[in-house]
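Colleague: Below: sequence and its predicted model.
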Amino acid sequence: MPSDKFYVTKEGLQELQNELDTLVHVTRQEVIQELQEARAQGDLSENADYDAARDHQARVEARIRELEALIKNSEIIKEEEKGKGAISVRLGSTVTVRDLSDQSENTYSIVGTIEADPFEGKISNDSPFAKAIMDKKEGDVVTVSNVAEPYEVQILAIH
């Protein structure tokens with residue numbers, strides 16, 4: 001059963017709050033203006049601009065509700081849980097690993113699902129990779145399973 005809490009860094013929570021603030025105080029007003037302009041064109045039954053504005057409004061309101069739920073159910077990753085001086089991998093840790101299949105080295109941050117962005121090296125704590133290395137120590141060799149082709153990595157450093 002998935003947890004009701006969403007783990008985020010302080011910075012990640014601030015980004016969510018900033019997005020919510022922009023949607024509520026700026027974008028919502030822009031959508032109201034779009035709707036007023038579309039209504040002024042007359043017959044709403046065949047008004048593509050009005051339909052587009054209503055669709056935009058629905059997407060904005062849905063995102064606002066989503067952000068409100070995320071913020072309400074978010075839990076900030078505590079500094080002591082992060083990797084600074086940690087002896088094992090935790091949520092918030094930055095980890096350098098070596099893929100033993102090709103000897104490549106990569107560094108990843110373990111973050112909550114909200115902040116995950118693999119292209120930026122931010123891996124979700126719910127991913128098979130993060131689950132495999134969680135609570136492991138420097139030097140440990142870990143098999144990442146629950147993927148199409150399981151592979152092994154060695155934890156080189158916890159930052």
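Modeller: Right, received. Where do you want to start?
Colleague: Surely residue 115 and residue 10 touch.
Modeller: No. The pair residue 115 / residue 10 is not scored as a contact, 11.1 Å apart, by C-beta atoms under 8 Å. All C-beta spots, glycine's among them, are computed from the backbone N, C-alpha and C.
Colleague: quick one: which of those two has more around it?
Modeller: residue 115 (22 against 11; other C-beta atoms under 10 Å).
Colleague: which residues touch the more buried one?
Modeller: Shown in contact with residue 115 (C-beta atoms under 8 Å, 6 or more residues apart in numbering): 8, 9, 12, 122.
Colleague: Equivalent analysis for residue 71, please.
Modeller: Applying C-beta under 8 Å, 6+ apart to residue 71 gives the contacts 13, 16, 17, 20.
Colleague: go again using 10 Å as the cut-off
Modeller: 6, 8, 13, 16, 17, 19, 20, 114 (C-beta atoms under 10 Å, 6 or more residues apart in numbering).
Colleague: Going by residue numbers, what spans are helices in this protein?
Modeller: Applying DSSP state H to the chain gives helices spanning 10-22, 28-39, 48-72, 128-133.
Colleague: name the helices or strands packed onto the last one?
Modeller: This means helix 128-133. Applying 3 or more C-beta pairs under 10 Å, 6 or more residues apart in numbering; DSSP states H and E, one finds that helix 128-133 contacts strand 94-99, strand 104-111, strand 122-124, strand 141-144, strand 151-158.
Colleague: Tell me which of the ones you listed sits nearest to residue 58.
Modeller: Judged by C-beta to C-beta, the one of these that comes nearest to residue 58 is strand 122-124, at 28.0 Å.
Colleague: so for that closest one, what's the average pLDDT?
Modeller: Across strand 122-124, the average pLDDT comes to 95.
Colleague: and what of stretch 138-151?
Modeller: In this model, stretch 138-151 carries a mean pLDDT of 94.
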